[in-house]
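[1] Got a predicted structure here, sequence first:
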Amino acid sequence: MSNNSVKKASDWATYRRLLSNLGALKTPFIVSIVGYFLYSSSQVLVADWTGFIIDSLGGAPASQKGLISQLYEWLFGAVELTTGQRHMIVAAVAVPLACIRGVGFFLGNYWLSFVSLNIVHRMRMQVYNKMLRVPAYYYDEHSTGQMITKVTYHTGQVTTAATDSIKVVVREGLFVIGLLAYIFHLNWRLSLIFLCVAPVLGLFINYVGKRLRKISRKIQGSVGNITEVCTETISGYKEVRLYGEKAVEEERFRDASWYNTKQSLKLSFFSAISSPVVQILLWSAMAVIVWLALGMFETGTAGDFVAYVGAAGMLAKPIRQLTEVYSQIQRGLAACDELYEFIDSDVEVDTGQFSPAKVEGKIEFRNLYFAYRNGDKDVVRDISFTVEAGQTVAIVGLSGSGKSTLINLLTRFYDYERGQILLDDVDIREYSLVNLRQHIAMVNQHSVLFNDSIYNNIAYGSPGVEADDIHRAAEMAHADEFIARLDRGLQTEVGEDGSLLSGGQKQRIAIARAVVKDAPVLIFDEATASLDNKSEAHIQQAMEAVMANRTTLVIAHRLSTIENSDCIIVMEEGDIIERGAHHELMANNGRYSQLYDRRFSESES
Ligand SMILES: Nc1ncnc2c1ncn2[C@@H]1O[C@H](COP(=O)(O)OP(=O)(O)OP(=O)(O)O)[C@@H](O)[C@H]1O
């Protein structure tokens, strides 16, 4: 019971929130409602016109209730008309009715689409903006497939509900109200019978609505799973084939797709059953009405009777349409719920106000501890070291020792709670996020290239950069040589994530991008993938050129980077176990010299 009332409140909250988006769209919304009002009124008047025609067969129409009859009486009551003139007037009513209907239809349809599409666009932008701001944890905990589904499938559901379905709701809803008002006007006692059916209809529709909403949520989840399997198969197509996992992936996909099919069938069942049930209820009421009307219309004309039964009969169609779109509306609302949940989720903490135009680049880690939210223990412990402005520090250690975690904390993709990281002696949490990241350039193991030209990839993050700077950066990154060999040079398209380039070429473009950014702090997470000697030498020279005069933190795998750095930090399982210059650590004969010997012999062989 309490659960239900909570759900109800949240349903209303969803409606209210959607409507609160109207804002500047109020005028087009009102125009569309006026349009649909005209459209529905003209539809109601068609029933009235039928009664008017029947009454005019025996002479001047004499109905006291018919709307067109009364207008006719008001306009022509005092005029002597021939039968021919009267017939012409009765027939001519069709033209203004069609005009009102047409104008109303256009105004209603166009302006309601205008409103709905704008609301959907805003919502889609809110979702996308949120993706740019959610913390790294969100990406850890949700798959790419599920996130893509939000922007595509979920907003698609809202679009259908907010455009096609809402049009039917407003248009046919107003039509139903108009018809009810009209039959009440003709005979209110008889019309009360219709109202007796209303609570039964309401209860039934409410029950079906809840089921539809629940199933719709399951369908959304299942579309997320389908997209997830698909994106994994697409990005890992080589692994799938090389490891012979085609059958397993096919099975995973079949499960996800079949679950979706089952839930969609359930949804179809409920939406298909609701319309006939509603129609049976309505037509039962209709039968009672006709039966009673035959005895109760003794005061009205034959035209009134026909108009009444005609209008009552007309109710069936819009009510059927309303029940038919009900499932789409529920799907839209279920999607809205989930999108709003996402829109309301936390963003990266960004409370710092400090925004210096330039920093020297001194970095200090001070007694830093950190545990990931989903991990149970600290993955780095009591980390303290300083990198003076302009120095290079290499961090080495076995896989999983916490090297990347330190970089993730420095760039504030995750926030620490114990200890400090300082940039120019100011805690990095006091910097605004945008400002902090402006001072850092990073070349990652998996630097992402965008599906654009090499030129634009190098200029990424540095809007308005001069062409000369791009050329210089490409030279410094030792990328100019291979770029010159390409037919379209810097304008060559690199494909999705640079798929048309080799690993070494991609890295050099990423280095050029860091050069153009010209930040005082540089982070290199060196690729472990073995490059051929020539590429390695190119990248080595590129790195050295870029590192000059910058504070550099290198997660190092290459011997030369390690040997030349001012200090080497050796990590093991989250702790710093050794630190010092290369020759000092070699002389210590500890873990570093073991690691070094191992790498040295590997690279020699
Ligand atoms: N997003 C995350 N959520 C939870 N745990 C994580 C996350 N990223 C890393 N870890 C864990 O933190 C520890 C340190 O990982 P980290 O990536 O910092 O190591 P690394 O030294 O950079 O390793 P590699 O050289 O293989 O990149 C590992 O035990 C890892 O499982």
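    Good, I have the coordinates. Numbers count the residues shown, from 1 in each chain.

[2] ok, which stretches of this protein are strands?
    Assigned strands in the chain, in chain order: 363-370, 380-387, 392-397, 418-423, 426-427, 440-443, 521-525, 551-555, 567-572, 575-580 (criterion: DSSP state E).

[3] Of those strands, which is nearest residue 142?
    The minimum distance between residue 142 and those falls on strand 363-370, with 21.7 Å, by Cβ to Cβ. (C-beta placed from N, C-alpha, C; glycine too.)

[4] how big is the angle separating that closest one from strand 575-580?
    With axes from the mean of the first three to the mean of the last three Cα atoms, to 10 degrees defining the directions, strand 363-370 sits at 160 degrees from strand 575-580.

[5] what sits up against strand 363-370?
    With contacts defined as Cβ atoms under 8 Å, 6 or more residues apart in numbering, strand 363-370 is touched by 378-387, 405-406, 409-410, 414, 416-423, 425, 521, 551, 553.

[6] The ligand next: which of those residues are close?
    379, 405 (Cβ under 6 Å from any ligand atom).

[7] The contacts of strand 363-370, buried ones only, as a ChimeraX selection?
    A single ChimeraX command selects the buried members of the contacts of strand 363-370 (16 or more other Cβ atoms under 10 Å):
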select :378,379,380,381,383,385,387,405,406,409,410,414,416,419,421,423,521,551,553
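
[8] re the thing from before, how about a markdown table for the strands of the chain, with mean pLDDT added?
    As requested, the strands of the chain are exported to a markdown table (pLDDT from 0 to 100):
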| stretch | mean pLDDT |
| --- | --- |
| strand 363-370 | 94 |
| strand 380-387 | 92 |
| strand 392-397 | 90 |
| strand 418-423 | 93 |
| strand 426-427 | 94 |
| strand 440-443 | 89 |
| strand 521-525 | 90 |
| strand 551-555 | 91 |
| strand 567-572 | 91 |
| strand 575-580 | 90 |
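
[9] Identify the residue spatially nearest to residue 366, adjacent ones excluded.
    Nearest residue to residue 366 in three dimensions, chain neighbours excluded: residue 420, at 4.4 Å (Cβ to Cβ, 6 or more residues apart in numbering).

[10] for residue 101, that is, sorry about that
    Using Cβ to Cβ, 6+ apart, the closest residue to residue 101 is residue 42 (3.9 Å).

[11] ok, residue 130 touching residue 346?
    No. Judged on Cβ atoms under 8 Å, residue 130 makes no contact with residue 346 at a distance of 10.0 Å.

[12] Reformat the strands of the chain into a markdown table and put distance to residue 223 next to each item.
    Supplementary listing: the strands of the chain in a markdown table, determined by distance: least, Cβ to Cβ, whole Å:
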| stretch | distance to residue 223 |
| --- | --- |
| strand 363-370 | 36 |
| strand 380-387 | 39 |
| strand 392-397 | 42 |
| strand 418-423 | 41 |
| strand 426-427 | 43 |
| strand 440-443 | 34 |
| strand 521-525 | 35 |
| strand 551-555 | 38 |
| strand 567-572 | 42 |
| strand 575-580 | 45 |
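
[13] per-residue confidence for residue 58?
    Looking at residue 58, its pLDDT stands at 68.

[14] quick one on the thing from earlier: contacts only, for the residue nearest to residue 366.
    Shown in contact with residue 420 (Cβ under 8 Å, 6+ apart): 364-368, 427.

[15] Tell me which two of those residues sit farthest apart.
    367 and 427 (12.6 Å).

[16] Counting neighbours around each, name which of those two comes out higher.
    Set residue 367 next to residue 427 and count neighbours by other Cβ atoms under 10 Å: residue 427 wins out with 14 against 11.

[17] Tally up the residues packed near residue 291, please.
    Using other Cβ under 10 Å: residue 291 sits among 10 other residues.

[18] What distance do you get for it to the ligand?
    Between residue 291 and the ligand the computed distance is 72 Å (Cβ to the nearest ligand atom, to the nearest Å).

[19] Ok, residue 325 next?
    For residue 325, the distance to the ligand (Cβ to the nearest ligand atom) stands at 44 Å.

[20] I'd say that residue and residue 168 touch.
    Yes. With contacts counted by Cβ under 8 Å, residue 325 reaches residue 168, the gap being 4.5 Å.

[21] more crowded one of those two?
    Just comparing residue 325 and residue 168: by other Cβ under 10 Å the higher neighbour count belongs to residue 325, 20 against 17.

[22] how much space between residue 510 and the ligand?
    Distance, residue 510 to the ligand, by Cβ to the nearest ligand atom: 17 Å.

[23] Touching, that residue and residue 445? I think so.
    No. If you go by Cβ under 8 Å, residue 510 and residue 445 don't touch, sitting 9.9 Å apart.

[24] Of the two, which one has the most company?
    Ranked by neighbour count (other Cβ under 10 Å), residue 510 and residue 445 place residue 510 first, with 28 against 15.

[25] Disregarding residues adjacent in the polypeptide, which is nearest to the more buried one?
    residue 447 (3.4 Å).

[26] In contact with that neighbour, which residues?
    506-507, 509-510, 513.

[27] Among these, which one sits closest to residue 125?
    residue 513 (26.9 Å).

[28] so how many other residues sit close to the closest one?
    Neighbours of residue 513 (other Cβ under 10 Å): 23.

[29] and the closest residue to it other than its chain neighbours, how many neighbours does it have?
    Residue nearest to residue 513 in three dimensions, not counting chain neighbours: residue 458, with 5.2 Å by Cβ to Cβ, 6+ apart. The number of residues packed around residue 458, counting by other Cβ under 10 Å, is 30.

[30] Return the residues in contact with residue 458.
    470, 473-474, 490, 509, 512-513, 516.

[31] can you list the weak-confidence ranges in this protein?
    1-11, 58-64, 296-300, 527-536, 559-560, 599-605 (pLDDT under 70).

[32] Now do the longest helix along it: distance to the chain's middle.
    Across the chain, the helix with the greatest residue count (assigned by DSSP state H) is helix 246-296. Counting by Cα atoms, centre = their mean, to the nearest Å, helix 246-296 is centred 29 Å from the centre of its parent chain.

[33] try stretch 118-137
    Distance of stretch 118-137 from its chain centroid, counting by Cα atoms, centre = their mean, is 6 Å.

[34] Run the contact check for that stretch versus the ligand.
    No. Under the criterion of Cβ under 6 Å from any ligand atom, the ligand is not reached by stretch 118-137; the shortest gap measures 7.0 Å.

[35] Can you tell me what sits against that stretch?
    Residues contacting stretch 118-137 (Cβ under 8 Å, 6+ apart): 18, 21-22, 25, 147, 150-151, 154-155, 158-159, 162-163, 336, 339, 342-343, 345-349, 373, 408, 413-414.

[36] mind redoing it with 7 Å?
    18, 21, 25, 147, 150-151, 155, 158-159, 162, 339, 342-343, 345-348, 373, 413-414 (Cβ atoms under 7 Å, 6 or more residues apart in numbering).

[37] just the buried members of those?
    Buried, going by 16+ other Cβ under 10 Å: 18, 21, 25, 147, 150, 155, 158-159, 162, 339, 342, 348, 413-414, out of the contacts of stretch 118-137.

[38] which one among the residues you listed gets closest to the ligand?
    Nearest to the ligand among the buried ones among the contacts of stretch 118-137 is residue 414, at 7.6 Å by Cβ to the nearest ligand atom.

[39] wait, isn't the closest one in contact with residue 408?
    Yes. The pair residue 414 and residue 408 qualifies as a contact (Cβ atoms under 7 Å) at a distance of 5.2 Å.

[40] one step back: return the closest of the contacts of residue 420 with respect to the ligand.
    residue 368 (12.7 Å).

[41] how much space between the closest residue in space to residue 109 that isn't next to it in sequence and residue 24?
    Excluding the flanking residues, the one nearest residue 109 by Cβ to Cβ, 6+ apart is residue 167, at 6.2 Å. Separation of residue 167 from residue 24 (Cβ to Cβ, to the nearest Å) stands at 21 Å.

[42] Looking only at neighbour counts, state which of these two leads.
    residue 167 (18 against 8).

[43] so how far is residue 82 from the more buried one?
    From residue 167 to residue 82 the distance is 45 Å (Cβ to Cβ).

[44] No more questions from me, cheers.
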